[in-house]
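# sequence-free structure coming up:
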């Protein structure tokens with residue numbers, strides 16, 4: 001199996017992939033046209049990326065069967081195009097959660113104590129203890145979280161340690177109710193509310209931890225930001241596109257909201273370069289360079305998880321953490337076939353299903369102890385007519401029984 005790594009990656013991870021018997025090509029500088037060319041010439045089976053974008057033309061150029069995002073989320077990958085081509089897309093969820101939570105809380109503290117402004121004045125030769133002694137403190141102030149995945153939970157733990165009440169809104173609580181609440185770890189004392197607007201109204205500090213999707217783009221807009229208390233703090237370490245930056249700028253100007261951002265809507269595609277965003281000129285706004293997951297600990301954990309994904313795929317054909325398998329197929333009926341475990345039985349069944357213009361959506365074949373008999377469950381996009389079932393049953397002596405179940 002040939003693995004192309006087109007982004008920076010831990011050397012220990014590279015060595016582990018090679019030790020698993022893979023042919024590793026490490027080209028962290030690849031992007032855009034050069035990546036497409038490398039996929040075409042290398043004929044790699046697996047592509048590993050971090051922030052490098054993976055587009056539909058790249059998928060057409062190569063012969064990939066698996067893309068691994070060495071990080072959380074897959075917003076830099078054209079997942080829909082991969083799905084149309086039967087290419088697995090996997091990621092490494094939760095492995096950078098602590099790193100992002102640490103930066104999030106560092107930004108919260110930096111806003112409250114105005115640490116960047118302190119440093120800037122010191123470096124400019126200005127001493128202003130009178131000005132910078134004005135800080136509210138965090139103890140007893142309410143932290144509001146939009147999103148409660150791995151990162152949100154780690155931020156909540158740190159807030160609770162600082163004596164901050166935590167108010168949360170998450171789609172998982174709206175969709176799953178008590179079942180989702182039962183999954184909240186016992187050490188997290190949180191209050192769940194029913195809308196992002198209610199979180200904003202109650203929060204002294206609002207922190208965003210939502211995944212980027214079509215329904216979350218610009219979801220944090222004026223309806224939420226206008227509910228923030230004057231002088232409150234806003235932190236985003238998730239994705240820049242989740243926040244309506246025009247509405248955020250208005251909240252800074254009209255409500256004195258303090259803002260800390262690690263992510264922006266338009267970021268340079270390279271690790272270094274020119275950066276311009278009107279937000280950074282606003283007063284009471286501080287920022288970092290999309291470094292939330294960039295700790296040695298996080299990168300080592302992510303590399304280990306990426307290795308686990310690739311090794312599992314090579315050894316078993318199964319892919320952990322897949323994000324693009326259908327949760328529900330067009331299947332409407334299940335054909336259950338009890339049969340002797342002999343060559344050609346399932347080929348016989350599939351051939352007649354094809355002749356009946358029935359598409360197999362999913363199938364599994366379970367072997368009984370002793371490997372003399374098996375039972376196949378074949379998900380179909382329609383119901384086989386009685387004549388077809390009779391033809392299948394009578395056309396192979398190793399078929400013991402069959403019947404159809406409507407899904």
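Ah, there it is. Predicted, not measured: the structure shown is a model, and the values here were computed from it.

# I'd guess residue 336 is in a strand, am I close?
Yes: assessed with DSSP: H, G, I helix; E, B strand; the rest coil, residue 336 lies in a strand.

# who is it paired with across the strands?
Under DSSP bridges, the beta-bridge partners of residue 336 are residue 377, residue 403.

# ok, it to residue 366 distance?
From residue 336 over to residue 366 the distance is 11 Å, taken as CB to CB, to the nearest Å. All C-beta spots, glycine's among them, are computed from the backbone N, C-alpha and C.

# between these two, which one's more packed in?
residue 336 (13 against 9; other CB atoms under 10 Å).

# using the three-state scheme, assign the closest residue to residue 367 other than its chain neighbours.
Distances taken as CB to CB, 6 or more residues apart in numbering put residue 374 closest to residue 367, at 4.8 Å, once the chain neighbours are dropped. The assignment at residue 374 comes out as strand when based on three-state DSSP.

# touching, residue 374 and residue 366? I think so.
Yes: Residue 374 is within contact range of residue 366, at 6.1 Å (criterion: CB atoms under 8 Å).

# who touches both of these two?
Overlap between the contact sets of residue 374 and residue 366, as judged by CB atoms under 8 Å, 6 or more residues apart in numbering, is nil.

# count the residues that sit near the closest residue in space to residue 132 that isn't next to it in sequence.
Distance criterion CB to CB, 6+ apart; nearest residue to residue 132, sequence neighbours excluded, is residue 118 at 5.3 Å. Using other CB under 10 Å, residue 118 has 16 other residues around it.

# residue 118 belongs to a helix?
Yes: applying three-state DSSP, one finds residue 118 inside a helix.

# lowest average confidence, helix or strand, in this structure?
helix 178-181 (a mean of 82; mean pLDDT, DSSP states H and E).

# packing partners of the helix or strand following that helix?
Toward the C-terminus, helix 178-181 is succeeded by strand 191-192 as the next helix or strand (DSSP states H and E). Judged by 3 or more CB pairs under 8 Å, 6 or more residues apart in numbering; DSSP states H and E, strand 191-192 is in contact with strand 166-169.

# any buried residues in the following helix or strand past the strand it packs on, and which?
Per DSSP H and E, strand 166-169 leads on to helix 171-176 as the next helix or strand towards the C-terminus. For helix 171-176, a neighbour-count test (16 or more other CB atoms under 10 Å) marks 172, 173 as buried.

# just grab the bridge partners of residue 261 for me.
residue 236, residue 287.

# okay, now it: neighbour count?
So residue 261, with other CB under 10 Å, has 24 neighbours.

# tell me who's in contact with it.
235, 236, 240, 279, 285, 286, 287, 288.

# need the contact list for the closest residue to residue 219 other than its chain neighbours.
Distances taken as CB to CB, 6+ apart put residue 242 closest to residue 219, at 6.1 Å, once the chain neighbours are dropped. In this structure, residue 242 makes contact with 208, 210, 212, 216, 217, 218, 219, 220, 236, judged by CB under 8 Å, 6+ apart.

# pretty sure the residue nearest to residue 132 sits against residue 131.
No: if you go by CB under 8 Å, residue 118 and residue 131 don't touch, sitting 9.1 Å apart.

# tell me how far the most centrally placed residue in the chain lies from residue 100.
Here the mean C-alpha position of the chain is nearest to the C-alpha of residue 73 (CA atoms, centre = their mean), at a distance of 2.4 Å. Residue 73 is 11 Å from residue 100, where distance means CB to CB.

# cool, residue 322 as well?
For residue 322 relative to residue 100 (CB to CB), the value is 23 Å.

# so for the two, which residue has more residues nearby?
residue 100 (25 against 14).

# now the more buried one. Nearest residue, chain neighbours left out?
Leaving aside its chain neighbours, residue 100 sits nearest to residue 292 (4.0 Å; criterion: CB to CB, 6+ apart).

# right, and that neighbour touches residue 260 too?
No: at 11.5 Å, residue 292 does not count as touching residue 260 under the criterion of CB under 8 Å.

# per-domain residue ranges of this structure.
Here the domain parsing of the chain from automatic domain parsing is 2-95+297-316, 97-292, 333-406.

# which helix in the protein runs the most residues?
Longest helix of the chain, by residue count under DSSP state H: helix 296-316.

# and it, which residues are buried?
For helix 296-316, the neighbour count (16+ other CB under 10 Å) marks 298-299, 301-303, 305-307, 309-314 as buried.

# kindly report the same for stretch 217-224.
219, 220, 221, 224.

# which residues does it contact?
Counting by CB under 8 Å, 6+ apart, 146, 196-197, 200, 208, 210, 236, 241-244, 247-248, 250 sit against stretch 217-224.

# mind doing that once more with 6 Å?
Contacting residues not belonging to stretch 217-224 are listed as 196, 197, 200, 241, 242, 243, 244, 247 [CB atoms under 6 Å, 6 or more residues apart in numbering].

# next one: it to chain centre, how far?
Offset of stretch 217-224 from its chain centre (CA atoms, centre = their mean, to the nearest Å): 20 Å.

# what's the burial count for residue 234?
Residue 234: 28 surrounding residues under other CB under 10 Å.

# helix, strand, or coil at it?
strand.

# spit out the contact partners of it.
Taking CB under 6 Å, 6+ apart, we find residue 234 in contact with 206, 257, 259.

# swap the cut-off to 7 Å and go again
For residue 234, the contacting residues are 206, 228, 257, 259, by CB atoms under 7 Å, 6 or more residues apart in numbering.

# residue 241 too?
212, 217, 265.

# among those, which lie within strands?
Applying DSSP state E to these, no entry is found in strands.

# among the residues you listed, which lie within helices?
Reading helices off the contacts of residue 241, I find no matches (DSSP H).

# picking up where we left off before, widest-spaced pair of the contacts of residue 261?
240 and 286 (15.0 Å; CB to CB).

# residue 179: neighbouring residues, count only.
Count around residue 179 with other CB under 10 Å applied: 10.

# right, I'll call it a day here.
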